[in-house]
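> please find the sequence and the predicted model below.
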Amino acid sequence: VLLRNPRVEYRSLGEEEGGVLLHLDTAAYHGLNGVGALAWSLLDGITFENLLEELRSRLEGIPPNFEEEIAEFIGDLAERDLVHYGPENT
């Protein structure tokens with residue numbers, strides 16, 4: 001499952017505008033577009049497959065490479081210590 005790092009704060013810039021993440025330990029800011037902000041709002045305790053399902057149900061005009069783009073986005077978040085991978089709840 002995907003878990004937000006508790007040392008990261010999020011601020012919305014508006015539903016269409018996205019938002020900003022601040023890593024409290026590094027003081028680094030990370031901008032999110034609207035889709036990234038929606039994904040961030042869904043991240044805590046969700047599997048990648050369920051995240052994709054939720055995003056597909058809420059978004060219109062899904063591109064053919066959507067799964068790869070979201071996987072890359074999640075990988076970037078993990079690389080920047082913004083999200084962690086946790087065990088699935090049983």
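Ah, there it is.

> pull the number of nearby residues for the closest residue to residue 17 other than its chain neighbours.
Counting by C-beta to C-beta, 6 or more residues apart in numbering, residue 34 is the residue found nearest to residue 17 once chain neighbours are left out, at 6.8 Å. Bear in mind the C-beta positions are built from the backbone N, C-alpha and C, glycine included. Residue 34: 15 surrounding residues under other C-beta atoms under 10 Å.

> then residue 85?
The tally of other residues near residue 85 (other C-beta under 10 Å) stands at 10.

> for it, give its distance to residue 34.
25 Å (C-beta to C-beta, to the nearest Å).

> please apply the same query to residue 81.
23 Å.

> residue 27 too?
The gap separating residue 27 from residue 34 is 25 Å, by C-beta to C-beta.

> quick one, what contacts residue 7?
By C-beta atoms under 8 Å, 6 or more residues apart in numbering, the contact list for residue 7 reads 23, 24, 25.

> 6 Å instead?
When contacts are counted by C-beta atoms under 6 Å, 6 or more residues apart in numbering, residue 7 touches 24, 25.

> one more: residue 49?
With contacts defined as C-beta under 6 Å, 6+ apart, residue 49 has no neighbours.

> only alpha carbons, please: show the helix or strand hosting it as CSV.
Assigned by DSSP states H and E, residue 49 belongs to helix 48-58. Below are the C-alpha coordinates for helix 48-58, written out as CSV (Å, rounded to 0.1, in the frame of the first residue of the first chain):
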residue,chain,number,x,y,z
PHE,A,48,-1.7,1.2,-6.6
GLU,A,49,-4.4,-0.7,-8.3
ASN,A,50,-7.1,0.9,-6.2
LEU,A,51,-5.5,4.3,-6.8
LEU,A,52,-5.8,3.8,-10.5
GLU,A,53,-9.4,2.7,-10.2
GLU,A,54,-10.3,5.7,-8.1
LEU,A,55,-8.5,8.1,-10.5
ARG,A,56,-10.2,6.6,-13.6
SER,A,57,-13.6,7.0,-11.9
ARG,A,58,-13.0,10.7,-11.1
